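Undergrad: What would the 3D arrangement of this be:
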Amino acid sequence: MAEPRVVGFDLNVRLEEDENGNLAFDLNDAILDNGNGNGFDLNLPLDEIDAVDFDYVQNLPEQDVAAPIQVNHPKHDMPEEVRKQVYQALLDRSKNGKLGKKDTTIVAHQFEVHIRSVQRLWKQDKTQLAHNIPVVVASQKKGRCGRKAIPLDLEQLHNIPLKRRMTIEDVSSGLGISKSRIQRYLKKGLLRLHSSSIKPYLTDANKKTRLKWCIDMIEQGLVGDPKFKNFFECVFIDEKWFYLSQKSEKYYFLPEEDEPHRTCKNKNYIHRIMFLCVCARPRFRNGECTFDRKIGYFPLVTYERAVRRSENRLLGEQVIKPITSITRDVRLLSKMSLTFGLFGNHPILRILTF
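TA: Residues are numbered from 1 along each chain as shown. Here you go, the predicted model:
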């Protein structure tokens, strides 16, 4: 393809006459004024002719510039409060469930809404009343407009092992969707969260024993209308562990006080004491509490005589030492001794231990 030809010319060369004896227009010749003051010369600077004052144009006052016209577009959706007011106004104007010829127009102008919106609202409410449905004036666009949801077969979740369904990240990666979508499914109820805890393995004998204990809590003789016992003759005994100290404790000191220095052989094996907690059902009389169910807390300790003297105790002084090894026999013996020590051989009282 041939390159385009560029023809050059010199503005300073004198032009020749044409066939009719006329000279072409010369840019270097002085331009005469035509009487209207419109003559100009391209070779003169702008200040020497009637040029445009660009500084004045750039510094024009802002009020001279016409502001854009703002068009107030009508609001297509009525708020719920306005819909209630429109419906109430229509009810006030209706007679035997019918409106006048100009009622919808008057109400539309009153609330500055479109007449079709008023007519549609009145028709919707009349339909609900005809079917004995409570009138709901709220907009029905919620859940019916916008982009449609992308369908997803949630049955694929059955093919994912339970170990890969423990977090939202695992489920989203298994189904190939985003975590926010999983959150929406949880909110809609399409998915549910379940916390699984380890249950004790019970044999048939264990189940029968538990069932028998539950049946014993039912009043005998009430076959048609079974009721649980009132538990006024029962005392509940349970064990509670209390540590003598904690790994980390906070104290409030004055600025000049010394900080304590606490030591322990092994902070993972801090000494602890077991207490037997005894309580029963509270008693009321005429609306006032006569018994607050608390019987007492009793430590599982031993009382011994001090073998040697120290700065904390004298020789032969009674010392309290916790029982470090709490076995089943120790707990049973402690409960029995506590029961007979507090209540003796009570004929009605029943001891419930856990």
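
Undergrad: which residues touch residue 303?
TA: 318-321 (Cβ atoms under 8 Å, 6 or more residues apart in numbering). C-beta: built from backbone N, CA, C; applies to glycine.

Undergrad: what about it, helix or strand, and which?
TA: In this assignment (DSSP states H and E), residue 303 forms part of strand 301-305.

Undergrad: tell me which residues of that strand are tucked away?
TA: By 16 or more other Cβ atoms under 10 Å, strand 301-305 has no buried positions at all.

Undergrad: now do stretch 159-172
TA: 168, 171-172.

Undergrad: if you look at the residues you listed, which of them are in helices?
TA: The helices, defined by DSSP state H, take in 168, 171-172 from the buried residues of stretch 159-172.

Undergrad: Torsion angles phi and psi at residue 322?
TA: Main-chain torsions, residue 322, degrees, to the nearest 10: phi -70, psi 150.

Undergrad: Test my guess that it contacts residue 271.
TA: Yes. Applying Cβ atoms under 8 Å as the test, residue 322 and residue 271 come out as touching, 6.4 Å apart.

Undergrad: Tell me which of those two has more neighbours.
TA: Per other Cβ atoms under 10 Å, whichever of residue 322 and residue 271 has more neighbours is residue 322, with 15 against 11.

Undergrad: Distance check, the more buried one against residue 274.
TA: Counting by Cβ to Cβ, to the nearest Å, the gap between residue 322 and residue 274 amounts to 8 Å.

Undergrad: what do you get for residue 321?
TA: Distance from residue 321 to residue 274, by Cβ to Cβ: 13 Å.

Undergrad: what sits in contact with each of the two?
TA: Contacts common to residue 321 and residue 274, judged by Cβ under 8 Å, 6+ apart, are absent.

Undergrad: More neighbours: the two, which one.
TA: A count of neighbours by other Cβ under 10 Å puts residue 274 above the other of residue 321 and residue 274, at 18 against 10.

Undergrad: so who does the nearest residue to the more buried one once chain neighbours are set aside touch?
TA: Closest residue to residue 274 apart from its sequence neighbours, by Cβ to Cβ, 6 or more residues apart in numbering: residue 300 at 4.5 Å. Residues in contact with residue 300 (Cβ under 8 Å, 6+ apart) are 273-276, 322-323, 326, 330-331, 334.

Undergrad: mind listing which of these are in strands?
TA: Among those, the ones falling in strands (DSSP state E) are 273-276, 322.

Undergrad: can you give me the helices for the stretch 101-250 of the chain?
TA: 103-111, 115-130, 168-175, 179-188, 204-216 (DSSP state H, counting those that start in this stretch).

Undergrad: how about the strands of the protein, start to end?
TA: 234-243, 272-280, 283-285, 288-291, 294-299, 301-305, 318-322, 350-353.

Undergrad: For the third one, name the packing helices and strands.
TA: For strand 283-285, the contact count by 3 or more Cβ pairs under 8 Å, 6 or more residues apart in numbering; DSSP states H and E identifies strand 288-291 as packing neighbours.

Undergrad: residues in contact with the strand it packs on?
TA: Residues contacting strand 288-291 (Cβ under 8 Å, 6+ apart): 280, 282-284.

Undergrad: List just the nearest of those to residue 148.
TA: Set against residue 148, the nearest of these by Cβ to Cβ is residue 282 (59.7 Å).

Undergrad: That closest one contacts residue 292, correct?
TA: Yes. Using Cβ under 8 Å, residue 282 is in contact with residue 292, at 5.7 Å.

Undergrad: tally of neighbours for residue 216?
TA: Quick note: residue 216 (other Cβ under 10 Å) scores 10 neighbours.

Undergrad: just to revisit the earlier point, need the residues touching each of residue 322 and residue 274.
TA: 299-300.

Undergrad: Filter the contacts of residue 300 down to the buried ones and hand me the PyMOL line.
TA: Remark: buried members of those, expressed as a PyMOL selection using 16+ other Cβ under 10 Å:
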select buried, resi 273+274+275+276+326+331+334
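
Undergrad: and the closest residue to residue 108 other than its chain neighbours, what is it in contact with?
TA: Of all residues not flanking residue 108 in the chain, residue 115 sits nearest, at 4.2 Å (Cβ to Cβ, 6+ apart). Taking Cβ under 8 Å, 6+ apart, we find residue 115 in contact with 104-105, 108.

Undergrad: just residue 319 next, same as before
TA: 303-306, 313.

Undergrad: out of those residues, who's nearest residue 266?
TA: residue 304 (24.0 Å).

Undergrad: From residue 105, how far out is the closest one?
TA: Separation of residue 304 from residue 105 (Cβ to Cβ): 101 Å.

Undergrad: now swap in residue 198 and tell me
TA: 71 Å.

Undergrad: More neighbours: those two, which one.
TA: Taking other Cβ under 10 Å, residue 198 and residue 105 do not tie; residue 105 has more neighbours (13 against 5).

Undergrad: Excluding chain neighbours, what is closest to the more buried one?
TA: Nearest non-adjacent residue to residue 105 (Cβ to Cβ, 6+ apart): residue 115, at 5.8 Å.

Undergrad: cool, residue 305 as well?
TA: residue 316 (5.2 Å).
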